[in-house]
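Novice: no FASTA, just this:
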C-alpha cells in the first residue's frame with residue numbers, strides 16, 4: 001500500500017500544467033545583476049558572502065513562543081525597502097546573491113526565516129521535520145517583523161518579494177493587511193500542489209508529526225545537481241548547498257503530513273479571499289515547474305482579474321522552480337521585470 005501511495009506522489013509531482021501567460025521577454029542586464037561568470041571568480045563570490053555577513057541579525061519571539069531569526073540590510077536613506085518571504089526549507093543564507101543584487105540597486109532588505117526552518121525555532125523534537133501547527137502563524141510572524149522592524153523606518157515605498165511557500169504566506173498577508181505593501185512579486189508561488197496530493201495527505205495525516213512517504217531527515221548525499229528539479233544553474237545550486245553546509249543548523253528535511261495538510265487548507269483560504277487584495281502584484285510561473293501546480297497560478301490570476309485586481313502574470317521560459325538562482329537569462333529576466341514593476345508603484 002505504501003509503495004502504491006509513493007508511486008502516486010511521484011506521478012503527480014511530475015504532472016506538467018501549462019498556463020496561457022505571456023512569456024517573459026529576454027532582457028539585458030541593465031541593473032548589473034550578478035552573473036555566473038562573476039560567481040566563478042572566487043574574490044567576487046567572497047564579496048557577496050562578506051556583504052551578507054555584514055547584515056544586522058537578530059531574533060524575536062513569534063507566535064506560540066517560537067524564536068524567529070532575521071537579517072536586515074539597511075540603506076542609509078530610508079527610501080525604498082523589500083521584505084523577502086522565503087520558501088519551504090529555505091533560510092536567509094540561501095538568498096545572499098539576491099540580497100546583494102537588490103541592495104546594489106538601492107533597496108533596503110528585510111528577511112526572516114520562517115518558523116520551523118532556517119535558523120528559526122523548531123516545533124518538533126526532530127529538527128529536520130518540515131512542520132507547522134498553524135499556517136496562520138507564518139503570517140503572524142511576518143506581521144510582527146513588518147510592524148517592529150520595517151514600518152518604523154518610514155520608508156517611502158515598501159515592497160514584498162516572495163518565493164514558493166513564501167508566496168502562500170505573502171498572498172495571505174496581502175489579503176489580511178492590504179495596506180502594508182505598495183506592490184508585491186511572487187516567484188513560483190505555492191498556491192496549489194499537483195493534483196491528488198492534498199486528497200492523499202488528508203487521508204494519511206495522523207495525530208503525531210510524521211514524514212510524508214518518500215521524505216526523510218536532511219541527507220546531503222542526495223544533494224546533487226544532476227537531476228535536480230530546482231535550477232539549471234550548477235554554480236548557484238552548489239552555492240546553495242555550500243551555504244547550508246556552513247550553517248548546518250539551518251538545514252531542513254522533508255515535509256510532514258501535518259505541514260502538507262495545513263498548506264492545502266490554506267489554499268482554500270487564499271482563493272476565498274482574493275477580493276480583499278488591494279496591493280498590485282506580479283506573478284512569475286516557471287515553464288518547467290515540478291514542485292508547485294502552475295494550474296493554480298492560472299486559476300488564481302483568472303479569479304483576481306475577474307475581480308478587477310491589479311495584477312500581471314508571466315511564464316519564465318526554460319526555467320525551473322528556483323527563479324532567483326536560475327541560469328543568468330531566466331534570473332535576469334525575472335529580477336528586471338520585478339524591479340521595473342515595483343518602480344511603477
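Specialist: Sure thing, it's come through. Bear in mind that the values here come from a model prediction, so they are computed numbers and not experimental data. Numbering: from 1, shown residues only.

Novice: now do the helices in the stretch 101-250 of the chain.
Specialist: Remark: helices assigned in the stretch 101-250 of the chain by DSSP state H, counting those that start in this stretch are 136-145, 165-176, 197-204, 234-246.

Novice: could I get those helices as TSV with distance to residue 314?
Specialist: In this view, the C-beta of every residue, glycine as well, is placed from N, C-alpha and C. Output for the helices of the stretch 101-250 of the chain, formatted as TSV (distance: least, C-beta to C-beta, whole Å):
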stretch	distance to residue 314
helix 136-145	25
helix 165-176	14
helix 197-204	25
helix 234-246	21
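
Novice: how about the ones you listed, which one is nearest residue 317?
Specialist: For the helices of the stretch 101-250 of the chain, the distance to residue 317 is smallest for helix 234-246, at 18.0 Å, taking C-beta to C-beta.

Novice: return the member of the helices of the stretch 101-250 of the chain having the minimum mean pLDDT.
Specialist: Note on the helices of the stretch 101-250 of the chain: helix 197-204 shows the lowest mean pLDDT, a mean of 89.

Novice: next one: it to chain centre, how far?
Specialist: Centroid separation between helix 197-204 and its chain, computed with C-alpha atoms, centre = their mean, to the nearest Å, is 23 Å.

Novice: ok, now stretch 105-123?
Specialist: For stretch 105-123, the distance to the chain centre is 11 Å (C-alpha atoms, centre = their mean).

Novice: now do stretch 277-295
Specialist: That offset, for stretch 277-295, works out to 11 Å (C-alpha atoms, centre = their mean).

Novice: any low-confidence regions in the stretch 151-300 of the chain?
Specialist: Applying pLDDT under 70 to the stretch 151-300 of the chain picks out no residues at all.

Novice: can you rerun that using 80?
Specialist: The stretch 151-300 of the chain contains residues with pLDDT under 80 at 221-222.

Novice: strands of that one, residue ranges please.
Specialist: Secondary structure of the stretch 151-300 of the chain (DSSP state E, counting those that start in this stretch): strands located at 157-163, 183-187, 281-286.

Novice: same list (those strands) but as TSV, adding mean neighbour count.
Specialist: Formatted as TSV, the strands of the stretch 151-300 of the chain follow (neighbours: other C-beta atoms under 10 Å):
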stretch	mean neighbour count
strand 157-163	24
strand 183-187	26
strand 281-286	26
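
Novice: quick one, which of the ones you listed is nearest to residue 106?
Specialist: So among the strands of the stretch 151-300 of the chain, strand 157-163 is nearest, using C-beta to C-beta, at 11.0 Å.

Novice: what is the closest one packed up against?
Specialist: When contacts are defined as 3 or more C-beta pairs under 8 Å, 6 or more residues apart in numbering; DSSP states H and E, strand 157-163 packs onto strand 80-85, helix 165-176, strand 183-187, helix 328-343.

Novice: could you dump the ones you listed to a markdown table with distance to residue 267?
Specialist: Formatted as a markdown table, those follow (distance: least, C-beta to C-beta, whole Å):
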| stretch | distance to residue 267 |
| --- | --- |
| strand 80-85 | 16 |
| helix 165-176 | 7 |
| strand 183-187 | 14 |
| helix 328-343 | 23 |
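
Novice: which element follows the helix or strand harbouring residue 303 toward the C-terminus?
Specialist: Using DSSP states H and E, residue 303 maps to helix 294-306. Next helix or strand after helix 294-306 toward the C-terminus (DSSP H and E): strand 311-316.

Novice: what average pLDDT does that next one get?
Specialist: The average pLDDT within strand 311-316 is 98.

Novice: one more: stretch 22-42?
Specialist: Per-residue scores along stretch 22-42 average to 96.

Novice: swap in stretch 328-345?
Specialist: 98.

Novice: contacting residues around it?
Specialist: 24-31, 33, 35-36, 80, 82, 98, 101-102, 105, 157, 159, 161, 182-183, 185, 187, 232-233, 280, 282, 284, 312, 314, 316-319, 323-326 (C-beta atoms under 8 Å, 6 or more residues apart in numbering).

Novice: so which bits of it are buried?
Specialist: By neighbour count on 16 or more other C-beta atoms under 10 Å, the buried set for stretch 328-345 is 328-339, 341-342.

Novice: what count of nearby residues applies to residue 32?
Specialist: Per other C-beta atoms under 10 Å, the neighbour tally for residue 32 reads 10.
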